[in-house]
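K.L.:
just coords:
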């Protein structure tokens, strides 16, 4: 199993009103580190593209223990832990300057044929490139995310060219932006995101309209859960999310340092 570690400095344009790195930027750090590793193995974007293959994200499970603040330097670690038929499993960690783990994430991917538009079994040379074998590996449990039971809040967006990544799909972090933007501003200012679960179901193209609905559940003593559904204009589900938040006064362990 190969590992990759990459260093990032938190820039001003990557922080939110609380002066902390936005979770969508952290997702981008994860992606960037994995892509760096793939390039080093000889299975980067261009090589896979020449074979009509690409990786498509299926699920995220992200936990935020603390947030890096402006100008903090962090290390992002990642490793593919196993392949199983159509599925690929990858883990991530973020370390702060004191080598403390401040974030952990699991992800599940498909290897997709870009011509036939369907998943394919991971070839043996991909196993070998990442130091894995077909004998097994560490597999990640698939999430079961249910859609909201009601619509507390809703927003509608148009998919823009800037939302699209190199796979010609909406970048995975944009669904999180849309979902959080459906919540009232006061909610985001008063709560701190600590957990994020996502299942991606269907692609969407530039110019299409998407609708995101949100449901806010009551605080059950361990935080507040919001449930989100992103659909196209015809009601087809594109993405389902569950987000865990700490309420005011509960996020003392997740607070920005003074600049």
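P.N.:
Thanks, I have the structure now. On a predicted model such as this, the values are computed, not experimentally measured, just so you know.

K.L.:
what is the neighbour count of residue 124?
P.N.:
Neighbour count of residue 124, defined by other CB atoms under 10 Å: 11. In this view, the C-beta of every residue, glycine as well, is placed from N, C-alpha and C.

K.L.:
which residues touch the helix ranked longest in the chain?
P.N.:
Looking across the chain with DSSP state H, the single longest helix is helix 23-41. Contact partners of helix 23-41, identified using CB atoms under 8 Å, 6 or more residues apart in numbering, comprise 2-6, 8, 14, 44-45, 48, 60, 62, 64, 74, 76-78, 90, 92, 94, 103, 105, 107, 129-130, 172-174, 176-177, 193, 196.

K.L.:
okay, and which of the residues you listed map to strands?
P.N.:
Per DSSP state E, strands hold the following members of these: 4-6, 8, 60, 62, 64, 74, 76-78, 90, 92, 94, 103, 105, 107, 193, 196.

K.L.:
in the one helix or strand in the chain whose mean pLDDT sits lowest, what counts as buried?
P.N.:
The weakest-scoring helix or strand in the chain, judged by mean pLDDT, DSSP states H and E, is helix 185-190 (a mean of 87). Using 16 or more other CB atoms under 10 Å as the burial criterion, the residues of helix 185-190 that qualify are residue 188.

K.L.:
what's the answer for stretch 149-160, then?
P.N.:
The neighbour-count check on stretch 149-160 (16+ other CB under 10 Å) flags 153, 155, 157, 159 as buried.

K.L.:
between the residues you listed, which is nearest residue 223?
P.N.:
For those, the minimum distance to residue 223 (CB to CB) is 18.4 Å, reached by residue 153.

K.L.:
buried ones among the contacts of helix 23-41?
P.N.:
4, 6, 8, 14, 48, 60, 62, 64, 74, 76-78, 90, 92, 94, 103, 105, 107, 129-130, 172-174, 176-177, 193, 196.

K.L.:
what's the end-to-end length of stretch 128-142?
P.N.:
End-to-end distance for stretch 128-142: 24 Å, by CA to CA, to the nearest Å.

K.L.:
give me the contacts around that stretch.
P.N.:
By CB under 8 Å, 6+ apart, stretch 128-142 touches 1-2, 41-43, 59, 61, 80-84, 87, 89, 91, 106-108, 124, 127.

K.L.:
filter these to the buried ones?
P.N.:
Buried among these (16+ other CB under 10 Å): 41, 43, 59, 61, 80-83, 87, 89, 91, 106-108, 127.

K.L.:
identify the bridge partners of residue 227.
P.N.:
residue 215, residue 242 (DSSP bridges).

K.L.:
my read is that it contacts residue 199, right?
P.N.:
No - the pair residue 227 / residue 199 is not scored as a contact, 12.0 Å apart, by CB atoms under 8 Å.
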